[in-house]
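*Asks:* I would like the atomic coordinates for the input below:
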Amino acid sequence: MRCACGESHAGAACAPNAEQETHQFIEASLIKAIFPQDNVRRAFIKAVGRPTAMAAIASLLPVGAMQAMAQERRTPEKKDLKIGFIAITCATPLLMADPLGYYANQGLNVKLVKTPGWGVIRDRIIKKEHDASHFLSPMPLAMSLGLGSDKVATSVATIQNINGQAITLHLKHKNKREPKQWKNFKLGVPFAYSMHNFLLRYYLAEHGMNPDTDVEIRIVPPPEMVAKLKDGEIDGFLGPDPFNQRAVYDEVGFIHILSKDIWDGHPCCAFGMTDEFIAQNPATFAALFRAIIGASFIASVSTDRAYMAKLIAPAAYLNQPEQVVAQVLTGKFPDGLGNMRNVPDRAIFDPVPWQSMAVWMLTQMKRWGYIKTDINYAQIAEKVFMLTDAKKQMDIAGWRPPEGNYRRVKVMGKIFDPTAPEEYLKSFSISKMG
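*Replies:* Down below sits the predicted model:
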């Protein structure tokens, strides 16, 4: 017999007093306010477990937040939306928002459009074929600066994920674990303006390899990475999951190193749209923001990563074996070298668009010659990475937003101070700056 609290004991064992009854009623009311549809509410409870859900709501959601949320709700100017995405696990919050009903709950009719590559993602936003998009987090910076495309002011509303990438090599290179052995390797990255490209270049340079002369870095769309590895067109790649794990699953490659071992807590993908769209559709923008933040909340607190994998593995989303997606999200995975690894934070979903992240990306764009002039790092970062808006929506959705705009991080043991970007750049011995 199960108690009303959801635990397997008699109800008398936890008979509440008046204060407890009030507390439980408030918790239940808050959950119903956030998830008015029964099926969505049940999916949330199933995804995170009732104790986790209650603890999260009790600790993070004050009643005032619900009042603020109600005040925020306005009729979206545009309800029918197309959102582009690449079929990778980085897009988990964006994808989960669909089957969990977050878009519908915000009065939006969203069509998620699977897109083959990042160049297409960018071009469709510029041509207004998509209203909003899954981006690589450096892409809105590049687009706003007119790097690689027409100059189009574009903003990062939220970060989709942190960590979640890896360097994967062909099985024939099992005995070449030192980067200095990779002379003349052909290595794939998904896009020039990507954390993958910048992290790979950083990793190579820290091992004394010049990424522009000692190896060949090729742009390879994520869906083609495993096939090109198998065919021998590339020796390896720093790419998004699930393709690192898919290479292991297909017995083509092995995971050399997780990206979190280069920079633990690095951003990867983002969610955003053009500044023009935001200005013309402020209520639609706010509704999208709430949907993505809500899905990010579930992705972040969920203890059932296997259930998350089940939601996003189907053909409409990732079109990957559920087992592969679960190995990525749970962090329990074979590495292709005979080891079964357990890395719970292999992929994390934290929506905070720290402006310090943007400054780091800009330093790497300048380091490798993508930016050729002096720039105001802070001004660009604060314009493109919408941290103030993200904090507001996090507070409304029940998260306690972090303090500050910038934070120091460590990349391969080297401290990055976002308030001193030029000094950071001058500290590197290998770069295109001399």
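
*Asks:* I'd like the secondary structure assignment at residue 140, please.
*Replies:* At residue 140 the chain is in helix, as set by DSSP: H, G, I helix; E, B strand; the rest coil.

*Asks:* Excluding sequence neighbours, find me the nearest residue to it.
*Replies:* residue 154 (4.0 Å; CB to CB, 6 or more residues apart in numbering). For glycine as for every other residue, the C-beta is placed from the backbone atoms N, C-alpha and C.

*Asks:* do you know how far that neighbour is from residue 283?
*Replies:* For residue 154, the distance to residue 283 equals 20 Å [CB to CB, to the nearest Å].

*Asks:* before we move on, the earlier item: what about the residue nearest to residue 140, distance to residue 274?
*Replies:* 5 Å.

*Asks:* any common contacting residues for these two?
*Replies:* Here residue 154 and residue 274 have residue 125 as joint contacts, going by CB atoms under 8 Å, 6 or more residues apart in numbering.

*Asks:* Between those two, which has more neighbouring residues?
*Replies:* Between residue 154 and residue 274, residue 154 has the larger neighbour count (other CB atoms under 10 Å), namely 26 against 22.

*Asks:* Double-check that one against residue 271; I have them as touching.
*Replies:* No - with contacts defined as CB atoms under 8 Å, residue 154 does not count as touching residue 271, sitting 11.5 Å away.

*Asks:* Give me the below-cutoff pLDDT ranges for the stretch 301-434 of the chain.
*Replies:* Along the stretch 301-434 of the chain, the model assigns pLDDT under 70 to residues 396-399, 434.

*Asks:* can you rerun that using 80?
*Replies:* For the stretch 301-434 of the chain, the stretches with pLDDT under 80 are 301-303, 387-406, 433-434.

*Asks:* phi, psi of residue 363?
*Replies:* Dihedral angles of residue 363 (phi, psi; degrees, to the nearest 10) stand at phi -60, psi -40.

*Asks:* Contact partners for it?
*Replies:* Counting by CB under 8 Å, 6+ apart, residue 363 makes contact with 377, 416, 421, 424-425.

*Asks:* Now with 10 Å, please.
*Replies:* Counting by CB atoms under 10 Å, 6 or more residues apart in numbering, residue 363 touches 198, 371, 375, 377, 416, 418, 421-422, 424-425, 428, 431.

*Asks:* Same check on residue 152?
*Replies:* Contacts for residue 152 were tallied using CB under 10 Å, 6+ apart; they are 122, 125-126, 140, 143-144, 146, 274-276.

*Asks:* where do the strands sit along the stretch 151-300 of the chain?
*Replies:* Ranges of strands in the stretch 151-300 of the chain, per DSSP state E, counting those that start in this stretch, are 154-159, 162-163, 165-170, 186-189, 216-219, 236-240, 253-258, 269-274.
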